[in-house]
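> Output the structure for:
(2 chains)
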Amino acid sequence: MSLTARIKDHHSETRLFVARVILSSVIGIILLGTVVARLIQLQIYDHELFAEQSQGNRVRTEAVPPTRGLIFDRRGRVLAENLPAYQLELIPEQVPDLDDTLARLAGIGLIKEEDIPRFNGLSRSGPRFKPITLRFRLSEDEIANFAVQRPRFPGVDLQPRLVRHYPDGELIAHAVGYVGALSTADLGRLDAAAYSGTSHTGKTGVEHFNEELLHGHVGFQQVVTNALGRQVPVETRDFSDALPASESPKPGNNLYLTLDLDLQRIATRALDGKRGSIVAIDPSNGEILALVSAPSFDPNGFATGMSPSEYNALQNDEGRPLFNRAVRGTYPPGSTIKPMLSLAALEVGATNLTRRSVCIGWYSLPGSSHRYRDWRPEGHGEVDLHDAISQSCDVYFYEISRDIGIDNMHLYLDQFGLGRQSGLDMDGESDGLNPSREWKRQAFRERADQVWFPGETIIASIGQGYMLATPIQLANAVAALGARGDRFKPHLVAAFEDPITGRRTLVAPERLPRVNIDNEFYWDNILAAMHDVMQSPTGTARAAGANARYEMAGKSGTAQVFSIAQEEEYDEDEIAERLRDHALFVSFAPLENPRIAVAVVIENGSSGSRVAAPVARAIMDQYLNGTDDAL
Amino acid sequence: MAPTMRFSDTQRLFTGKSAPISGIGSLLQRLYLDGPLLGGLLLVCALGLIVLYSAVAQNMDLWLQQCVRLAVALVAMIIVAQLPPDLMRRWTPWGYLAGLFLLVLVLVTGDVGQGAQRWLDVGIRFQPSEIMKLGVPMMAAWYLHDRQLPPRFADLLVIAILIVVPTVLIAKQPDLGTSLLVAMAGVLVVVLAGLSIRLILFLGLASIPGAYVLWQFMQDYQKQRVLTLLNPDSDPLGAGYNIIQSKIAIGSGGLFGKGWTNGSQAQLEFLPERDTDFIFAVMGEELGLLGVLSLLCLYLFIIGRGLFIAIEARDTYSRLLAGSISLTFFVYVFVNTAMVTGLVPVVGVPLPLVSYGGTSMVTLMAGFGILMSIHRHRKLLPH
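Numbering: from 1, shown residues only, chains lettered A, B, ... in the order given. Predicted coordinates for the structure are as follows:
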């Protein structure tokens, strides 16, 4: 290295350094200028865009579900209400050991072992701060039990919420129906926006049919959330700009039903341990006074949630408690159609009031050896139309059926509402079956089967064969009998009430086309014969009609479930319970201007007059006398 | 100083020639502290503490911790300011070697913090890479101190080695951000020493294939950061989330901001790392453009004062070191603000003196202590 190289030129070094500092400063100012330009772009030019994004970031519109409308009976007694209940919730992020916690909860009986995998899955999907419901409704004891042990269960707590409650659930299960947790199918059917925040919806009965009235109108509020979507406590909410407006939910309408809870109770008690159905209607306006299907079930289970095993038990029960026999059960109407057929026969001239006929216990078509039996093997002797009704002589109707003809039968029974839905304000009604030549042509594929045979007319005349009716149809038909042809659409909702204004809207009775029989003389005689069923010494249901404090008219029916071979005797005791005849009974009271019409069907009840008629009597006693002295 | 010389107001501010002859002035003088620089630093720290109070969601514990750290850093600055530059220069090689040794030690035994080995536990936990932020420029300045400037090619090779070894060691921890800053501090020394502009341009072009090599060495998360910068919207919930939320925070602040502690992005946890790397976004949201511009002005003042000190420095070592420290500080400010506003990739550089965190603050303040020492031992007469 040369000597000169070592000599430092301090002066030039300094100048070089200052030049470099100036250069660096210029570059630095340019770079920082870029940042400032960027800040101006973000904070001035694009400010509105980002302000909007930050608003969207933190404000979430949250639905506030409305309170479901209450349901009352015709006298204002509560049938469905919303009770505050405590549900058991678990917040996954606050639980230190999920498996251990669930196992210990099962250990103290708050959840079932079999549900643990389900809860495990639930708590591992979804946001960790979102509570999952372990139990919808705890009993007082369970609440107390858990409250003591709460320190042992971090992350598990009781949460109050409103749960639909049916105080007399079993009595009204099939009429009022129930609410259940919203399913994906429900969400497809309903307006998702109107149901945001709502957990349950009407599944059956009144709850289902009047969903729109009961549900109310969803409200919403703006909540401030943090980045995880978790709602922020109130005290940190006061950010400078105001939140958009919120809207309170509008509670659903309260419903006043036509049902009478007392009648429901008596009807339920009468069907205790049996399978069957009772429908009571006010003939003057079509109001359903009672609608019961037995066996029943507790609808509260659906509102609070059932375990799969509980649900399966209900689903697989032999008595089919979930099946609403009142509107869906179809039964051969048996002799209950005889008063209607009599009117039809008079109207078309197939018989008259004085014609008499000898009943020898069976009837055969000319040129045939097939015997159509009477229910009384020895026969009724000489009977006219009146006797044929009051004693329920089958042979008389076999005889006149040929002159009425199946198509006239169909025509008049149709006018009474058989074979078509009654129009009840409830979904899922069955059509029943009111056969005719035309029906048979369309119902069968094989040409040979499409022909209507004369024998089929004969068994149709006693409500057997193809003919099927639902209890609601029978009740509505007997109501039309009592009202001398005036018909109304049966309905369950009498009025609804806006809970805020308190304004009630009455549901007007809806008239259906009259039965086209105008001769009052015919009506007088047929209704008198029905009265004699109950209150003449030879009436089939005289036992059930005895000592009534009002004029009661009725007609029993016994529908074959199983045909016995010719020449064989029907022996009740030897036939398995499930193969016994169905017991039916239709009635109305009082005779003039009837206030109640009742149809009773008891599956495999054997005898309409002996088993079903007393049930109708008890209901009428309660409704007309205010007591149930018959039971 | 010639009495006929005229200073404009700005110059007076930077040079401190009109420093008050008060009690405070003499105290500062006795402690070897520089009034304007200290004033600027304290103002930035105060503003930083105000913003941090909001960014840690009014958590007094965290905030007080930061106050303590700041106090420790100021003490470190005062202590370093007492050391004459000559003494520092003599000890520079030993400090550099000790730093290298510690870096190797970290790679062998270091604690793992946030997926990287950066910490060394010797009674207190600290990051040896922080030492190198000062150690590398000191070493480069030491090497050039008695050599002819501009540096010759052979000198450049030696300095390159002095820079690359610690840079690679830090990058392997892995801590890409710090390693780049350490390298930057060394390179700045050379640039200030008069590295030919042509060579700088040449190296700039050569860095394009160099970038490719670097890319191969990068961890996946580092690559992801670069890719996300190019298009943050491509991954709005993942890697792009930080930068999108940061831009929303700053942009929604507008001119005047949403008000202190009222930034919804920051307070509702939309903004990630809001008390550390992204604290500038909190400031932009809550104090607005005016707030962040005030901070940038304070930074500019500090850097300007630092460069002035460098120009006035007595010898080559002091000059280069002071210049490098000032410019490195600028690089911190620029990289952080550019990163938070989405101009450069998110490399994890805190906003100096404002972000929550300890070691880097002590290093920074020690650097300013060096500047103050240099200033008190400056040339007695202007040339």
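
> buried stuff in the helix or strand hosting A:His11?
In this assignment (DSSP states H and E), A:His11 forms part of helix A:10-40. Neighbour counts over helix A:10-40 (16 or more other C-beta atoms under 10 Å in any protein chain shown) mark A:13-14, A:16-17, A:20-21, A:24-25, A:28, A:31-32, A:35-36, A:38-39 as buried. (Glycine included, C-beta is placed from N, CA and C.)

> elements contacting that helix?
If you count contacts as 3 or more C-beta pairs under 8 Å, 6 or more residues apart in numbering or on different chains; DSSP states H and E, helix A:10-40 packs onto helix B:176-193, helix B:279-312, helix B:316-340.

> Could you list the single helix or strand in chain A with the lowest mean pLDDT?
helix A:3-6 (a mean of 46; mean pLDDT, DSSP states H and E).

> re the thing from before, the helix holding A:His11 to helix B:279-312, inter-axis angle?
For helix A:10-40 against helix B:279-312, the angle by axes from the mean of the first three to the mean of the last three C-alpha atoms, to 10 degrees is 160 degrees.

> Just the mean pLDDT for the helix or strand following helix A:10-40, thanks.
On the C-terminal side of helix A:10-40, the nearest following helix or strand under DSSP H and E is helix A:47-58. When pLDDT is averaged over helix A:47-58, the result is 83.

> Is chain B within reach of helix A:47-58?
Yes: applying C-beta under 8 Å from any C-beta of the partner chain, one finds helix A:47-58 touching chain B at A:His47, A:Leu49, A:Phe50, A:Ala51, A:Gln53, A:Ser54, A:Gln55, A:Asn57, A:Arg58.

> And those residues, which is closest to chain B?
Distance to chain B across those (C-beta to the nearest C-beta) is lowest for A:Phe50, with 2.7 Å.

> Which residues are in contact with residue 166?
Picking chain A for this. Residues counted as contacts of A:Tyr166 (C-beta atoms under 8 Å, 6 or more residues apart in numbering or on different chains) are A:Leu79, A:Ala80, A:Glu81, A:Ile172, A:Ala173, A:Val176, A:Tyr178, A:Asp298, A:Pro299, A:Asn300, A:Ala303.

> I was thinking of chain B, sorry if that wasn't clear
B:Gly99, B:Leu100, B:Leu103, B:Ser129, B:Met132, B:Gly135, B:Val136, B:Ser179, B:Val182.

> one step back: pLDDT on the helix holding A:His11, on average?
Here the average pLDDT along helix A:10-40 is 91.

> Taking helix B:316-340 as reference, get the angle to that helix.
Using the same axes, to 10 degrees: helix A:10-40 against helix B:316-340 is 10 degrees.

> How is A:Ala597 assigned, secondary-structure-wise?
Following DSSP: H, G, I helix; E, B strand; the rest coil, we place A:Ala597 in the strand state.

> Could you give the number of residues near it?
The local packing of A:Ala597 (other C-beta atoms under 10 Å in any protein chain shown) involves 30 other residues.

> That one contacts A:Ile278, correct?
No: at 11.5 Å, A:Ala597 does not count as touching A:Ile278 under the criterion of C-beta atoms under 8 Å.

> Just the helices from the stretch 1-150 of chain B, written as ranges.
Counting by DSSP state H, counting those that start in this stretch, the stretch 1-150 of chain B has helices at residues B:9-15, B:23-30, B:35-55, B:60-81, B:85-109, B:128-145.

> cool, and the stretch 151-300 of chain A?
Applying DSSP H, counting those that start in this stretch to the stretch 151-300 of chain A gives helices spanning A:169-176, A:184-189, A:205-209, A:211-215, A:261-270, A:300-304.

> Could you find the closest non-adjacent residue to the residue of the stretch 101-250 of chain B found nearest chain A?
For the stretch 101-250 of chain B, the residue closest to chain A is B:Gly194, as judged by C-beta to the nearest C-beta, at 4.4 Å. Spatial nearest neighbour of B:Gly194, excluding adjacent residues (C-beta to C-beta, 6 or more residues apart in numbering or on different chains): B:Pro150 at 3.3 Å.

> Equivalent analysis for B:Leu62, please.
In space, and not counting its chain neighbours, B:Leu62 is closest to B:Val56: 4.3 Å by C-beta to C-beta, 6+ apart.

> need the contact list for the one you found.
B:Leu62, B:Trp63, B:Gln66, B:Asp275, B:Tyr356.

> Tell me, how many residues neighbour B:Phe270?
B:Phe270 is flanked by 25 other residues according to other C-beta under 10 Å.

> my guess is it contacts B:Gln245, does it?
Yes: here B:Phe270 reaches B:Gln245: they are 5.1 Å apart, a contact under C-beta under 8 Å.

> between the two, what contacts are shared?
Common neighbours of B:Phe270 and B:Gln245, counting by C-beta under 8 Å, 6+ apart, are A:Asn57.

> Show me what counts as buried in stretch A:306-318.
Per 16+ other C-beta under 10 Å, stretch A:306-318 contains these buried residues: A:Met306, A:Leu314.

> Once you drop chain neighbours, what's closest to the residue of chain B found nearest chain A?
Ranking the residues of chain B by distance to chain A (C-beta to the nearest C-beta) places B:Gly251 first, at 2.7 Å. Excluding its sequence neighbours, the residue lying closest to B:Gly251 (C-beta to C-beta, 6+ apart) is A:Phe50, at 2.7 Å.
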